[in-house]
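>>> below is the sequence, then the predicted model.
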Amino acid sequence: MSGSLCVVTSRIAQGSLRRPAIAKELAKRATRRSFTSFWPTTARAQAQAPAPAQASPEPASITPAPANPAFSHTSPPPPTPPEQHNHIPAKHVAVTIDGHPRTFDTAFLRDSCSCPQCVDPHSKQKLFQTSDIPQDIDAECKAVFDDKNRLLVEIEWKNDIKGYGSDHRTRHSIDWLRRALDTELLLRGAVRHDERVLWDKDRITKDNKWVDYAGWMGQDEVLFDALAHLNKYGLLFLKNVPESEESVVDIAGRIGTLKDTFYGRTWDVRSKQKAENIAYTPQFLGLHMDLLYTSNPPHLQLLHSLRARAPGGESFFSDSFHAAQRLQQKSEFHFRTLCTFPVTYHYHHPTHHYHYTRPTIELYPYPKYSEPTNLAIHRVNWSPPFQGPFEARIGADHQTTLRNYLAAAHAYEKLVSSEENLFEYRLNEGECVIFDNRRVLHARKAFDATKGERWLKGAYVDDDVFFSKLRVLEERYTEQWLADGVVRPVID
Ligand SMILES: [Zn+2]
């Protein structure tokens, strides 16, 4: 039975390997104010308890161990069909990491092989398909050291993918295997790493960040610091921006590709006759988000002030997540209503017809039978000027539902636009604001277009582009990166 089990024992020398990421992460969370949890504290503590994690105090010794029956319960062999008497392929490999035996599916270890036969070293593209892996693939492994004296598991395959020679070996470092386990555990636990700081007027007035254009353009450290702040607060200001219609392109270009829309790659916010959008008039424009009538609204919006000579036109910003949190504290019922009631947004013109329906508050998935916490908020969709007629629950049969929405919308509107939650700022010429369009609502006071010119140059950047740049800089400056709410250490 145990003959089919492949066991490698690795003992970690004290201090010879990075302290496991998960322990660091969990320790950090214990003291961090803002982390997301969908579970009550006790349940969370229990969930975190089995974290794999302490660096073993035992001295370094590598022992390719014989199959140990003590471990066999971690890897039950498949039941033997009566006609099969010989070798049973090992479906799991047990590797001792930090003193604990951990099991990996052999299919996972084969699938994630990164040798030059399996992953093109230049394009980084995978050179085989998961579906190429034979279901009866078998593994035999041993512990080896690489040229940097790092501990690796080396696997020799039986019944390997067709076309691979008998010399093909898969190598996974203990660090890499540990990270794979940690990531799986954290993803399963639904405890999201979250650095967002929800703000009201007082908080943002204190924490607001201004970045010099030259630093943004020329220094990656400055850019990283700025993007991290933007990710935390959803709002950032740049100053000393050159007076050019191309400046906003240059600013956005530091993050990545601009998002093109039917408004153009960049667009002008200035008053004009018979405007197709209320933004292009001198009228008051209430708190809203842009392009909610599209399937993937822009993540970032940039507005560079080229002319600010008309009286009025002050900008307002409000943290919709903070308002959602306050709403939940005031009324769980209103909060739930906004999580479910479908609101339709549209842009219906002779040449463009966009149409999309979404609830006001979108949450990250959270475990059944538990309450969502405020930081479970994934997105808020709030854009009254671009709403179309409701399409669901409009008749007398569903009157209560619409009336529930109306009551919740009243309460939410009061919160987003309350004096204590609004941050007001009048952009001067040469300044640029960048904000998270899926979180921070923006508004504008009316201005007097007869007394002077007001002209903003705008651009959008998609979420994928923003998070890609943030990860690249995180990797470089902090040796870790974030995806799906899980922090992962950089593994060479
Ligand atoms: Zn390979």
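Yep, it's here.
>>> output the below-cut-off pLDDT ranges for this structure.
Residues of the chain that meet the criterion pLDDT under 70 lie in 1-88, 90, 271-280, 367-375, 398-399.
>>> apply 80 and report the result again.
Applying pLDDT under 80 to the chain picks out residues 1-90, 189-191, 271-283, 365-375, 395-400.
>>> only alpha carbons, please: show stretch 201-221 as CSV.
Extracted C-alpha coordinates of stretch 201-221, given in CSV (Å, rounded to 0.1, in the frame of the first residue of the first chain):
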residue,chain,number,x,y,z
LYS,A,201,-14.4,64.4,4.9
ASP,A,202,-12.2,64.6,8.0
ARG,A,203,-10.2,61.5,7.2
ILE,A,204,-9.5,62.4,3.6
THR,A,205,-8.6,66.0,4.4
LYS,A,206,-6.0,64.6,6.7
ASP,A,207,-4.7,61.8,4.5
ASN,A,208,-5.1,63.3,1.1
LYS,A,209,-2.0,62.9,-1.1
TRP,A,210,-0.4,65.3,-3.6
VAL,A,211,2.2,64.0,-6.0
ASP,A,212,4.5,66.1,-8.2
TYR,A,213,4.2,65.4,-11.9
ALA,A,214,7.9,65.2,-12.4
GLY,A,215,8.2,62.5,-9.7
TRP,A,216,5.2,60.5,-11.1
MET,A,217,6.8,60.6,-14.5
GLY,A,218,10.4,60.0,-13.6
GLN,A,219,10.7,57.9,-10.5
ASP,A,220,9.2,54.4,-10.1
GLU,A,221,9.4,54.6,-6.3
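>>> which of the residues in it are buried?
If you call a residue buried by 16 or more other CB atoms under 10 Å, then stretch 201-221 has these buried ones: 201, 203-204, 208-209, 211, 213, 216-217. All C-beta spots, glycine's among them, are computed from the backbone N, C-alpha and C.
>>> among those, which ones are in strands?
Of these, the ones assigned to strands by DSSP state E are residue 211.
>>> which one among the buried residues of stretch 201-221 gets closest to residue 476?
residue 216 (16.5 Å; CB to CB).
>>> gap between that closest one and residue 265?
Going from residue 216 to residue 265 by CB to CB, to the nearest Å gives 20 Å.
>>> got it, and residue 330?
Distance of residue 330 to residue 265, given as CB to CB: 42 Å.
>>> again with residue 202
37 Å.
>>> equivalent analysis for residue 282, please.
Per CB to CB, residue 282 is found 25 Å from residue 265.
>>> quick check: residue 92 touching residue 102?
No: at 10.0 Å, residue 92 does not count as touching residue 102 under the criterion of CB atoms under 8 Å.
>>> which of the two has more residues huddled nearby?
Regarding residue 92 and residue 102, a neighbour count based on other CB atoms under 10 Å identifies residue 92 as having more, with 23 against 18.
>>> tell me the bridge partners for that one.
residue 105 (DSSP bridges).
>>> what's the answer for residue 154, then?
residue 142, residue 171.
>>> which residue ranges form the helices in the stretch 151-300 of the chain?
Along the stretch 151-300 of the chain, counting by DSSP state H, counting those that start in this stretch, helices occupy 174-189, 201-207, 213-218, 220-233, 247-253.
>>> typo on my end, the stretch 351-492 of the chain
Ranges of helices within the stretch 351-492 of the chain are 399-416, 463-478, based on DSSP H, counting those that start in this stretch.
>>> ok, residues contacting stretch 464-477?
The list of residues contacting stretch 464-477 from outside it, by CB atoms under 8 Å, 6 or more residues apart in numbering, reads 220-221, 223-224, 227-228, 231, 254-257, 259, 299-300, 480-483, 490.
>>> ok so, going back, I'd like the helices of the stretch 351-492 of the chain as JSON lines, with distance to residue 340 and mean neighbour count appended.
Formatted as JSON lines, the helices of the stretch 351-492 of the chain follow (distance: least, CB to CB, whole Å; neighbours: other CB atoms under 10 Å):
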{"stretch": "helix 399-416", "distance to residue 340": "9", "mean neighbour count": "17"}
{"stretch": "helix 463-478", "distance to residue 340": "24", "mean neighbour count": "16"}
